[in-house]
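Participant: Pasting a predicted model and its sequence here:
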Amino acid sequence: MMQELGRLLLIIGVIVTVIGLVLLFADRIPFIGRLPGDIVIKRKNFVFYFPLMTSIIISVLLTVVLSLISRFFK
């Protein structure tokens, strides 16, 4: 029981660290937020930005990672 809890805490720590690094270096990743399929509407005094394709890709990546993690704990 304690070993499983220890593994879970380590994996959560690694995930939080990776997310922190991605957020820290997000400005330097050239394609994040500028993919074809991201919606940008520019008006005179208004800019609407919806990163649709970026959201889909991040969702797929998170699904794969969490699926692999869940298989690891079975």
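Facilitator: Cool, the structure landed. Worth saying up front: this structure is predicted, and the values here are computed from it rather than measured.
Participant: does the residue of the chain most remote from its centre sit in a helix, a strand or a coil?
Facilitator: Residue farthest from the centre of the chain, counting by CA atoms, centre = their mean, is K44 at 31.9 Å. Following DSSP: H, G, I helix; E, B strand; the rest coil, the label given to K44 is coil.
Participant: list the buried ones in the helix or strand encompassing I15?
Facilitator: Counting by DSSP states H and E, the element that carries I15 is helix 2-24. The neighbour-count check on helix 2-24 (16 or more other CB atoms under 10 Å) flags nothing as buried. Any C-beta I mention is one placed from the backbone N, CA and C, and that applies to glycine too.
Participant: Other residues contacting that helix?
Facilitator: By CB atoms under 8 Å, 6 or more residues apart in numbering, the surrounding residues in contact with helix 2-24 are I29, V65, I69, F72, F73.
Participant: Give me the pLDDT value at the residue nearest the centre of the chain.
Facilitator: Centroid check for the chain by CA atoms, centre = their mean gives I58 as the closest residue, at 4.7 Å. Predicted confidence (pLDDT) for I58: 85.
Participant: how does this protein divide into domains?
Facilitator: Using automatic domain parsing, the domain parsing of the chain gives 1-29, 31-74.
Participant: Listing request: residues of this structure with sub-threshold pLDDT.
Facilitator: For the chain, the stretches with pLDDT under 70 are 32-33, 74.
Participant: one more time with 50
Facilitator: Along the chain, no part satisfies pLDDT under 50.
Participant: gap between stretch 49-65 and the chain center?
Facilitator: Put simply, stretch 49-65 sits 7 Å off its chain's centre (CA atoms, centre = their mean, to the nearest Å).
Participant: Just the residues contacting that stretch, thanks.
Facilitator: Counting by CB under 8 Å, 6+ apart, I15, I32, G33, L35, P36, G37, D38, I39, V40, I41 sit against stretch 49-65.
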